[in-house]
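Novice: sequence and predicted structure below; questions after.
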Amino acid sequence: KGVQSVRTAVDFLVASGARVIKISVGDTTGGGTIPDMKENKSTLNDEELKAIVEQAHSHGLHVAAHAITDRAAMRAANADADVLAHTPTIYLSEATVAAWSKRALISTLAAFKNVPLAVDNLRRLREAGTTILYGTDLGYTTIPAINIEELELLSKAGLDGDAILASVTESPAKFWGFEGLGRIKEGGRANLLILDADPREDLSSLTRPVAIYVDGVDLKSKEQ
């Protein structure tokens, strides 16, 4: 614990091959997360959080923040974290929404069952300018593919077909710096999903690809 210790920890993770640093940001007021669950008080103070982010940025890495409450999300923003690892499940203040307006959010709405505030928070964040990145948080599901429930919740949060498609393709490719991915273009990498319908009209088509190409190789044909 301490500023130098957390900087050293980040250096160690980078040397070990880390491509992103994730921090758990507690709510020092002891706020709740989802019904019958309480957010642990943070073991990292504001100076330590800031030091972790600065050290990660010095290595060119993004920092994702696990911050479920309004207070925690604001602490993460004040530390200059780049992306929320989950949509907060407690109502976000206008100040917190504004603080995240130029940053990013990984949706993970389906991980929080029956929490309408999460859907509303995502809607408000997106309207403020937050970049929405599709994500399902695989800790809660066994679906090894795109989750239709997550797509439906994104739609419920106000994203149309074009916005949802961007959240699973162009937006994450640009945010994470994956060159040659996210859009079909000359000179791009041949990583493609071939679908049986326009995903902007039929979201479920994303869950049943006809073919999956990775670097030009059709994985589904290869499996057969």
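Specialist: Looks like it came in fine.
Novice: what mean pLDDT does stretch 45-65 get?
Specialist: Model confidence over stretch 45-65, given as mean pLDDT, is 97.
Novice: identify the residues contacting it?
Specialist: Contacts to stretch 45-65, defined as Cβ atoms under 8 Å, 6 or more residues apart in numbering, come from residues 1-3, 6-7, 9-11, 14, 18-25, 42, 44, 72-73, 75-76, 78-85, 106, 175-176. The way it works is simple: take the backbone N, C-alpha and C, and place the C-beta from them, glycine included.
Novice: against His59, how distant is Ser5?
Specialist: Distance, Ser5 to His59, by Cβ to Cβ, to the nearest Å: 17 Å.
Novice: which of those two has more residues huddled nearby?
Specialist: Taking other Cβ atoms under 10 Å, Ser5 and His59 do not tie; His59 has more neighbours (13 against 10).
Novice: looking at strand pairing, list the partners for Cys21.
Specialist: Cys isn't right for residue 21; it's Ile. Beta-bridge partners for Ile21, by DSSP bridges, are Val63.
Novice: wait, what's in contact with it?
Specialist: With contacts defined as Cβ under 8 Å, 6+ apart, Ile21 is in contact with 10, 13, 52-53, 56, 61-64.
Novice: what sits up against stretch 113-127?
Specialist: The contact list for stretch 113-127 (Cβ under 8 Å, 6+ apart) reads 34, 87-92, 97, 100-101, 105, 107, 109, 112, 132, 153-154, 156-159, 163.
Novice: in strands only, show me those.
Specialist: 105, 132 (DSSP state E).
Novice: sort out which of the contacts of stretch 113-127 are buried, if you could.
Specialist: Neighbour counting with 16 or more other Cβ atoms under 10 Å marks 34, 87-90, 92, 97, 100-101, 105, 107, 109, 112, 132, 153-154, 157, 159, 163 as buried within the contacts of stretch 113-127.
Novice: center of this protein - which residue?
Specialist: Centroid-nearest residue in the chain, with Cα atoms, centre = their mean: Ile106, separated by 1.9 Å.
Novice: list the contacts for the closest residue to that one other than its chain neighbours?
Specialist: Nearest residue to Ile106 in three dimensions, chain neighbours excluded: Gly135, at 3.7 Å (Cβ to Cβ, 6 or more residues apart in numbering). Neighbouring residues of Gly135 by Cβ under 8 Å, 6+ apart: 106-108, 150.
Novice: could the contacts of Ile21 go into TSV alongside neighbour count and distance to Thr207?
Specialist: Compiled in TSV, the contacts of Ile21 are given as follows (neighbours: other Cβ atoms under 10 Å; distance: Cβ to Cβ, whole Å):
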residue	neighbour count	distance to Thr207
Val10	23	37
Leu13	19	34
Ile52	25	36
Val53	24	35
Ala56	26	34
Leu61	18	31
His62	19	27
Val63	23	31
Ala64	20	25
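Novice: from those, pick the one nearest Tyr213.
Specialist: Among those, His62 lies closest to Tyr213 (Cβ to Cβ), at 27.0 Å.
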